[in-house]
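Trainee: Let me see the structure of the following:
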Amino acid sequence: MKVREKALEACVIYDENGALVACDKSFQILYGYLEGDLTPGVHFTELDRLDVERGIVVPGKIFSGIEDYLEKKTTYRRKLEGSFIVQLADGRAIKITDRPLSTGGFVSIQTDITEFNRVNEKLQRTSDLFMSAFHINSSVCAISVLDTGKFIEVNAAWVDILGYARSESIGKTSAELNIWEEGKRSHILSILERDGLLKDYQSSLITKSGERREFLMSANILTVTDTQCVFFSGKDITEKVKNRKALEASQNQFTDFTRSSSDWHWEIDAAGIFTYISSDVELAAGVSQKDYLGNSIWRMLSGKMAEQRSLKYMKQCLLNQRSFRDVVSWRMQKVSGKKIWLRRNGVPFYDDNGAFAGFRGSSSNVTEQKNLEEKLQQSQKMEAVGQLTGGVAHDFNNLLAVILGNMDIVKDTLNEGAPIDMKQVDAVIRAAERGAELTQNMLSFSRKQNLMPEEVKLEEQVSAMISLLKRALGEAIDIDVRFGKDLWTCHADPGKVENALLNLAINARDAMPSGGTLKIEVENATLSSDYTNKYTNIRPGNYVMMAVSDTGIGISADIVEHVFEPFYTTKETGKGTGLGLSMVYGFAQQSDGHLALQSEVGRGTRVELFLPQSEEGLIEN
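Mentor: All right, here's what the predicted structure looks like:
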């Protein structure tokens with residue numbers, strides 16, 4: 001039999017002996033009785049037997065057998081107590097309620113409650129699912145009465161985050177628990193009344209301990225057993241809010257630092273395209289943001305200016321995704337046509353998956369600093385020239401003595417009318433030529449030169465300086481020069497190389513007041529990571545080393561650590577500025593090289609200047 005869409009309610013009357021007196025049509029339909037089954041006088045147990053035999057009921061689900069079923073049902077009917085439910089074989093549930101009659105019989109009301117049970121079961125399942133979701137939800141959830149604010153239910157997250165036990169919360173109002181800021185619940189209810197729903201509303205709740213925590217809230221109004229309630233859920237975003245505020249503070253701090261700095265900041269993507277550059281670039285370098293944004297950094301690293309070794313090094317770092325620091329190069333400014341010097345720093349950055357995403361860095365205009373350095377270099381060079389004065393004056397006195405002496409002889413010879421000895425004239429000419437050579441060397445060294453690094457053969461630079469050094473050092477100091485085989489070329493400023501050698505030689509001379517030996521060595525050198533890791537700003541690779549050693553008084557350990565500091569000197573006032581070694585050290589650093597010093601009191605000093613192998617060699621290695 002099919003389940004009917006509308007529940008049937010049947011009425012049956014039995015006499016005091018349990019025989020059928022009368023029934024309505026619904027009773028026949030309910031159980032599917034035939035026309036002859038419901039004749040007056042048939043006993044109710046006979047009808048029950050027919051139910052079992054025809055498979056209308058399944059006694060095995062409740063009773064052990066038909067006899068047990070009939071006996072129990074008869075016993076119940078005799079007692080006429082309350083109601084019971086019979087489960088039919090087709091799935092229907094029949095509620096049977098028997099009531100006694102004044103005539104001695106009883107009336108039996110039988111109702112098909114199948115649909116009612118199904119709806120109840122569905123409601124129960126829905127309720128169970130809701131409560132399960134409610135309690136396992138990671139958001140803070142609560143149901144409260146709309147009018148009074150009393151809590152009907154709270155979930156586990158509520159207990160964990162707000163700190164109130166379930167027993168402390170249910171039956172209490174939000175005002176009693178003091179979880180809302182003043183007026184906040186009323187404001188939320190006004191939104192609900194207006195919109196019917198609250199979504200992603202940010203507010204704070206006060207925990208039992210008094211801590212304020214930030215939540216992203218949602219709420220709506222629902223009806224529970226004729227009572228209007230508010231369902232509320234809130235996602236704890238306290239840490240997210242803290243992180244956002246910290247990020248905003250960091251960004252503001254970065255912005256303030258950027259505004260107060262002469263540097264500008266930039267970012268390029270993995271393809272080398274500028275995606276960001278701060279507006280300070282226009283004021284500091286004379287180039288607008290729009291000239292950078294969307295354009296490639298590789299344009300900057302091409303053309304004549306890109307031949308600078310520092311930019312070649314920077315290009316290699318970009319290609320190999322390596323950090324670079326203090327890369328100084330020059331370029332010509334578009335508007336003014338003047339040369340400006342820039343210092344750049346950059347580090348690679350990566351996306352969340354660890355893939356290379358580009359470079360971020362900073363740049364600064366160091367033109368003024370470079371100009372000051374050049375002036376300081378020139379000033380220091382002139383000081384070195386001053387140091388040469390004594391030796392040069394002695395040489396010039398000797399040359400003038402030769403010239404004047406020979407010219408006096410020539411004069412006397414002419415007065416006597418005798419023939420002139422050409423050897424004397426040749427001696428005068430040779431002395432004048434030596435004087436001119438000495439003068440030319442002095443002028444070449446002392447004049448201001450542009451800082452333009454190029455490929456340099458150190459052995460040629462040293463050889464050209466020997467005659468000048470001999471005069472500067474005097475006869476008491478021997479010069480021992482040694483060159484290694486197959487020397488590489490290095491990349492450096494020739495003028496600075498001369499300046500460095502002269503400074504080191506003068507320092508050595510001052511360390512040997514009683515005379516001694518100055519040794520100059522030029523050799524190829526390969527620095528390993530084991531060596532370079534002990535120092536900063538020096539990379540492993542091939543270098544050309546120029547070493548200057550003396551047999552002088554040496555330097556004590558407490559002084560060695562200060563010798564590269566500007567203006568540090570152990571000489572008496574007026575005998576030196578203290579810039580010599582610091583200038584050589586700065587030259588080494590600017591040339592991507594290295595300066596090392598070893599000294600021992602009483603045994604002399606050795607200074608090693610390492611200059612990087614020229615670009616051709618650098619590529620091969």
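Trainee: in the strand or helix carrying Lys235, what's buried?
Mentor: Using DSSP states H and E, the element containing Lys235 is strand 227-236. For strand 227-236, the neighbour count (16 or more other CB atoms under 10 Å) marks Cys229, Val230, Phe231, Phe232, Ser233, Gly234, Lys235, Asp236 as buried. All C-beta spots, glycine's among them, are computed from the backbone N, C-alpha and C.
Trainee: Pick out whichever of those sits closest to Ile477.
Mentor: Comparing the buried residues of strand 227-236 against Ile477 with CB to CB places Asp236 closest, at 80.5 Å.
Trainee: Wait, that closest one touches Ile161, no?
Mentor: Yes. Using CB atoms under 8 Å, Asp236 is in contact with Ile161, at 5.7 Å.
Trainee: Show me how far stretch 416-427 is from its chain's centre.
Mentor: Its chain's average C-alpha position is 85 Å from that of stretch 416-427, according to CA atoms, centre = their mean, to the nearest Å.
Trainee: could you dump it to PDB, C-alpha only?
Mentor: Provided in PDB are the C-alpha atoms of stretch 416-427 (Å, rounded to 0.1, in the frame of the first residue of the first chain):
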ATOM      1  CA  GLU A 416     140.800  82.900 -24.200                       C
ATOM      2  CA  GLY A 417     139.800  82.200 -27.800                       C
ATOM      3  CA  ALA A 418     140.600  78.500 -27.400                       C
ATOM      4  CA  PRO A 419     138.400  75.800 -29.100                       C
ATOM      5  CA  ILE A 420     135.400  74.700 -27.100                       C
ATOM      6  CA  ASP A 421     135.400  71.100 -25.600                       C
ATOM      7  CA  MET A 422     132.100  69.600 -26.900                       C
ATOM      8  CA  LYS A 423     132.200  67.000 -24.000                       C
ATOM      9  CA  GLN A 424     131.500  69.900 -21.700                       C
ATOM     10  CA  VAL A 425     128.600  71.100 -23.800                       C
ATOM     11  CA  ASP A 426     127.200  67.600 -24.000                       C
ATOM     12  CA  ALA A 427     127.400  67.400 -20.200                       C
END
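Trainee: Can you list the low-confidence ranges for the stretch 451-600 of the chain?
Mentor: Residue ranges of the stretch 451-600 of the chain with pLDDT under 70: 451-452, 536-537, 561-562, 564-580.
Trainee: Tell me where it has helices.
Mentor: Under the criterion DSSP state H, counting those that start in this stretch, helices of the stretch 451-600 of the chain are mapped to 458-473, 494-510, 529-532, 557-560, 580-590.
Trainee: For Leu50, which of those is the nearest?
Mentor: helix 529-532 (102.0 Å).
Trainee: Buried ones in that closest one, by neighbour count?
Mentor: Per 16+ other CB under 10 Å, helix 529-532 contains no buried residues.
Trainee: what's next to that helix, contact-wise?
Mentor: If you take CB atoms under 8 Å, 6 or more residues apart in numbering as the criterion, helix 529-532 is touched by Ile538, Arg539, Pro540.
Trainee: most surrounded residue in these?
Mentor: Neighbour tally across these (other CB atoms under 10 Å): the maximum, 21 neighbours, falls on Ile538.
Trainee: For the spatially most central residue of the chain, give the beta-bridge partners.
Mentor: Closest to where the C-alpha atoms of the chain average out (CA atoms, centre = their mean) is Phe349, at 7.2 Å. Listed beta-bridge partners, Phe349: Gly358 (assigned using DSSP bridges).
Trainee: For it, give me the pLDDT.
Mentor: At Phe349, the model reports a pLDDT of 94.
Trainee: you'd agree it is up against Gly358?
Mentor: Yes. In this structure, Phe349 is within contact of Gly358 by CB under 8 Å, at 6.3 Å.
Trainee: Return the closest of the buried residues of strand 227-236 with respect to Asp200.
Mentor: Lys235 (9.1 Å).
Trainee: My guess is the closest one contacts Ser139. True?
Mentor: Yes. The pair Lys235 / Ser139 is scored as a contact, 4.8 Å apart, by CB under 8 Å.
Trainee: wait, doesn't Val410 sit right on Val425?
Mentor: Yes. Taking CB under 8 Å as the definition, Val410 is a contact partner of Val425 at 6.7 Å.
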